[in-house]
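Asker: Compute the structure for the input listed below.
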Amino acid sequence: QVQLVESGGGLVQPGGSLRLSCAASGRIFSIYAMGWYRQAPGKQRELVASITSGGSRNFADSVKGRFTISRDKAKNTVYLQMNSLKPEDTAVYYCNADRVEAMSRPSADYWGQGIQVTVSS
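Answerer: Residues are numbered from 1 along each chain as shown. Below you'll find the predicted structure:
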């Protein structure tokens with residue numbers, strides 16, 4: 001069974017920083033890409049950032065220059081460093097693992113349970 005476990009969310013003041021972590025567990029052979037999405041109340045879920053196994057990164061325009069994404073392939077873990085946070089970054093953040101190859105399972109995508117990030121003074 002493949003599971004994604006997120007950590008690092010919470011409440012931060014505008015201009016502050018947070019670091020999210022997401023670890024994938026299970027008998028995993030490979031993961032094509034890992035990333036973060038977010039969903040604010042009343043809005044659709046949107047991509048924040050992603051990183052492929054080859055190191056290619058993709059960012060939403062709204063976070064470029066403020067957020068960075070990194071990945072430890074050996075640990076099947078992805079990190080999202082969020083700097084200069086704004087109130088509009090407030091949302092539930094979801095970790096995603098794309099095209100996971102795991103023992104005795106077909107290739108599939110997986111999601112974490114979501115973690116709250118609140119930016120407020």
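
Asker: which SSE is Ala49 in?
Answerer: Take DSSP states H and E as the rule and Ala49 turns out to sit in strand 46-52.

Asker: partners of that strand, with directions?
Answerer: Under the criterion DSSP bridges, strand 46-52 sits next to strand 28-39 (antiparallel), strand 57-59 (antiparallel) in its sheet.

Asker: Quick one: find the helix or strand in the protein with the lowest mean pLDDT.
Answerer: In the chain, no helix or strand scores lower on mean pLDDT, DSSP states H and E than strand 105-111, which sits at a mean of 91.

Asker: how about that one: buried residues?
Answerer: For strand 105-111, the neighbour count (16 or more other CB atoms under 10 Å) marks Tyr110 as buried. For the C-beta atoms, the positions are set from N, CA and C on the backbone; glycine is no exception.

Asker: circling back to that earlier point, list the buried residues for the strand holding Ala49?
Answerer: Neighbour counts using 16+ other CB under 10 Å place Val48, Ala49, Ser50, Ile51, Thr52 of strand 46-52 among the buried residues.

Asker: and if you look at stretch 58-67?
Answerer: Of the residues in stretch 58-67, those buried (16+ other CB under 10 Å) are Phe59, Val63, Phe67.

Asker: Since that was my last question, I'll sign off now.
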